[in-house]
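can't give you the sequence, but here's the structure:
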């Protein structure tokens, strides 16, 4: 499956001119500042806008060209807006039942959809008694009940507090994986993108850059994703036990240890490691308090700003790490591509 979009559209003084091809899997983030055309792009994909010039295809099926416009209900696209509109006169069950009644070929039952998004215990609750996070979960379940081929998410977490954002982001990533449901996320939050996305399309002034993997996007020293904080590595792992208040995260054969104060960890975990928090050594340091030390091979080295070098490394299990060190340190250690060194991780952030 794949999505191909060439869109030229004008709304007032604003001109949208986007061009991208995306695989029909995983989560793609459209990232950029407010007013750059992210939501307008999403509305064109959903069929809610009819652009002046466009060609949009889903897996070879024509959705839009200059002479043809497939209406929204025939595209089988689910849309989750920033502020969900729920029927106030119906409880949660009634809202979901209405969505289910409008689907000609449902793939999920009402109770299953509610369970998948964590609202099984809210079905009899009035919508005006729901929190913001609960309302957004109802909106996601409602979209799932339309049996979408593609789920469009228009800043679905921006109005929520951080615990709700974390929980829903984790659930969305799980749904994309377990249901095989491709998603396109609109966001201007770098943390939200790091938590959710597999790939990123950067947008500005109505235009887009070529899609890149999340790993490529966060590793770019000039990426707007880190807003001056510098390059980073984003890694996916799984829990491998809890010991002495620390959670072991498995990255293939590698293990990282993180402080853990919660209950059972989720089945998958996403980590962020800033390049500035990685030190390289010719041997593992035994007289430091750093717990996380990985043997790695240097793949490449690139000069950065302020007399620094960005060193791209690969662990034995395939995890790609970036270290930002001074040129002086690189010279003193004699670092070069192909060398085996040890990465000392001074800080690891859990995004989930």
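That came through fine. Computed from a predicted model, the values in this text were never measured in an experiment. Residues are numbered from 1 along each chain as shown.

where does the stretch 101-250 of the chain dip in pLDDT?
For the stretch 101-250 of the chain, residues meeting the criterion pLDDT under 70 lie at 228.

please redo it, this time with the cut-off set to 80
For the stretch 101-250 of the chain, the stretches flagged by pLDDT under 80 are 159, 226-229.

where do the helices sit along this protein?
38-46, 72-75, 92-101, 110-116, 132-144, 162-178, 190-196, 214-219, 327-333 (DSSP state H).

Next up, the contacts around the closest residue to residue 307 other than its chain neighbours.
In space, residue 307 comes closest to residue 327 once its chain neighbours are excluded; the distance is 5.2 Å by Cβ to Cβ, 6 or more residues apart in numbering. All C-beta atoms are positioned from the backbone trio N, CA, C, and that covers glycine. Residues in contact with residue 327, defined by Cβ atoms under 8 Å, 6 or more residues apart in numbering, are 303, 307, 308, 309.

Surely the first one and residue 309 touch.
Yes: under the criterion of Cβ atoms under 8 Å, residue 303 makes contact with residue 309 at 6.0 Å.

Just want to know which of the two has more residues nearby.
Here residue 303 and residue 309 are set side by side on neighbour count (other Cβ atoms under 10 Å), and the busier one is residue 309, at 19 against 10.

for the residue nearest to the more buried one when sequence neighbours are not counted, what are its contacts?
Closest residue to residue 309 apart from its sequence neighbours, by Cβ to Cβ, 6+ apart: residue 330 at 4.7 Å. Applying Cβ under 8 Å, 6+ apart to residue 330 gives the contacts 301, 309, 311.

tally of neighbours for the first one?
By the criterion of other Cβ under 10 Å, residue 301 has 19 neighbours.

how about TSV for the contacts of residue 330, with distance to residue 84 and pLDDT added?
TSV is the format used below for the contacts of residue 330 (distance: Cβ to Cβ, whole Å; pLDDT from 0 to 100):
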residue	distance to residue 84	pLDDT
301	48	95
309	47	95
311	45	96
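
which of those residues lies closest to residue 254?
residue 311 (17.7 Å; Cβ to Cβ).

Verify the contact between that closest one and residue 301 for me.
Yes: if you go by Cβ under 8 Å, residue 311 and residue 301 touch, sitting 5.2 Å apart.

Quickly list what's touching both of the two.
With Cβ under 8 Å, 6+ apart, residue 311 and residue 301 have common neighbours 330, 335.

what is residue 256 paired to in the beta sheet?
As for beta bridges, residue 256 partners with residue 249 under DSSP bridges.

What's the separation between residue 179 and residue 278?
Residue 179 sits 35 Å away from residue 278, going by Cβ to Cβ, to the nearest Å.

between the two, which one's more packed in?
More crowded of residue 179 and residue 278, by other Cβ under 10 Å: residue 278, with 25 against 15.

which residues does the closest residue to that one other than its chain neighbours contact?
Once flanking residues are discounted, residue 278 sits nearest to residue 323: 3.8 Å by Cβ to Cβ, 6+ apart. Neighbouring residues of residue 323 by Cβ under 8 Å, 6+ apart: 275, 278, 279, 280, 310, 311, 313, 343.
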